[in-house]
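In: This is a predicted model, with the sequence first.
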Amino acid sequence: MRAATAWPPVIDGHNDLPWALRQDFGYDVLGAGLDVGQPRLHTDIPRLRRGGVGAQFWSVFVPSTLTPEQSVVATLEQIDCVQRITAAYPDTFELVRTAAGARDAVDRGKIASLMGMEGGHSIAGSLAVLRAMSELGVRYMTLTHNDSTPWASSATGDGEDLGLAEFGREVVAEMNRIGMIVDLSHVSERTMADALEWTKAPVIFSHSSTRAVCDHPRNVPDRILERLPANGGVLMVTFVPKFVSEACREHADAVHDRRLALGLPVGFHDVAPDEDPEAAVEFGAWLAAHPAPMATIDDVVRHLEHARDVVGPRHLGLGGDFDGTPELPAGMNGVEGYAPLIHALAERGWSREDLEALCWENALRVLEETEQVAG
């Protein structure tokens, strides 16, 4: 049985460790040293334990810049990576598909491992591929990533916000039927509204914060948040500095504009092997003169408390986006950062019941209710 702790276990809605293992370690799961600690990553086993993570939705993300065929193959490789992580460390991780499975794994001292696809491009416009991914254990799908799909508009996609097309509504219906959670992080406001209208199961925002506190398009406006209680859904607040701090958002926008002006690549962490070296030097000098501000745990707390005011404590969760962002708030340098965050909330008067809901029960309830809709 799981030993009693001061705080409830955390179920994290979004962690990009599989993609980081692909990029930095060539999918060498054992060579990454997750069991002994890996400072090049935000995530390793010792820090998961220190952070009190009891269950993790591993993101099987692939970039939306890939072709449809490449996206499916790369997503399958990401799923294989998660399977190999859990196989390599069976005393730590256990692959699960249900809320009951997650509870049981945590009671036996394991970190329950689930999977979520980050972007509808991963199914290449095919409901059959969607069903196949579900059979492989994927428990949620984010309807878009940074770019719109032919059937759903992204919060950061080009062109008019068209929301969900007819095929997008078919995707949502099929996800309901097979018991896959609809994730509305990354999608446009109209797509959020359309999905809430069409879904028969609760939704999640696996890694988004509140637009009222930080005016970034990846965050959720209050008029959408206000619909979550009726739907039963959960906002899983994320920690990405430009999503939680207005100062960090403004600096990120300035960096984006400066890189564009210099002809340097923008997006997906702003890296390219063939960028102009003179422009890169000029940008480096600009960045040295305009250092990035630092987000803090207090910024994250502000989002959680604003969201609690709007939707109540039964519609909140946590989705850090660890290993999916190059920066994190001070004091949250990796997955161990959950411990000081929960401590800060407790000091601000959050009850044990509300912390249990935030960290654990709300996300599992969505999983349970999605299973029930599927029958």
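Out: Yep, that arrived. Residues are numbered from 1 along each chain as shown.
In: can you give me the strands for this protein?
Out: 10-15, 53-59, 93-95, 111-118, 138-142, 181-183, 203-205, 234-237, 316-318 (DSSP state E).
In: got CSV for the ones you listed, with distance to Trp350 too?
Out: Every C-beta, even on glycine, is put in place using the N, C-alpha and C of the backbone. Below are the strands of the chain laid out as CSV (distance: least, Cβ to Cβ, whole Å):
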stretch, distance to Trp350
strand 10-15, 14
strand 53-59, 18
strand 93-95, 29
strand 111-118, 24
strand 138-142, 26
strand 181-183, 25
strand 203-205, 20
strand 234-237, 13
strand 316-318, 10
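In: any chance of those in JSON lines, plus distance to Asn219, mean neighbour count and mean pLDDT?
Out: Conversion of those to JSON lines gives the following (distance: least, Cβ to Cβ, whole Å; neighbours: other Cβ atoms under 10 Å; pLDDT from 0 to 100):
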{"stretch": "strand 10-15", "distance to Asn219": "14", "mean neighbour count": "28", "mean pLDDT": "98"}
{"stretch": "strand 53-59", "distance to Asn219": "18", "mean neighbour count": "27", "mean pLDDT": "98"}
{"stretch": "strand 93-95", "distance to Asn219": "31", "mean neighbour count": "20", "mean pLDDT": "98"}
{"stretch": "strand 111-118", "distance to Asn219": "17", "mean neighbour count": "26", "mean pLDDT": "98"}
{"stretch": "strand 138-142", "distance to Asn219": "15", "mean neighbour count": "25", "mean pLDDT": "98"}
{"stretch": "strand 181-183", "distance to Asn219": "15", "mean neighbour count": "29", "mean pLDDT": "98"}
{"stretch": "strand 203-205", "distance to Asn219": "9", "mean neighbour count": "29", "mean pLDDT": "98"}
{"stretch": "strand 234-237", "distance to Asn219": "10", "mean neighbour count": "30", "mean pLDDT": "98"}
{"stretch": "strand 316-318", "distance to Asn219": "14", "mean neighbour count": "27", "mean pLDDT": "98"}
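In: for those strands, which one sits closest to Arg103?
Out: strand 111-118 (8.0 Å; Cβ to Cβ).
In: Now do that closest one: which elements does it pack against?
Out: strand 10-15, strand 53-59, helix 68-88, strand 93-95, helix 99-107, strand 138-142 (3 or more Cβ pairs under 8 Å, 6 or more residues apart in numbering; DSSP states H and E).
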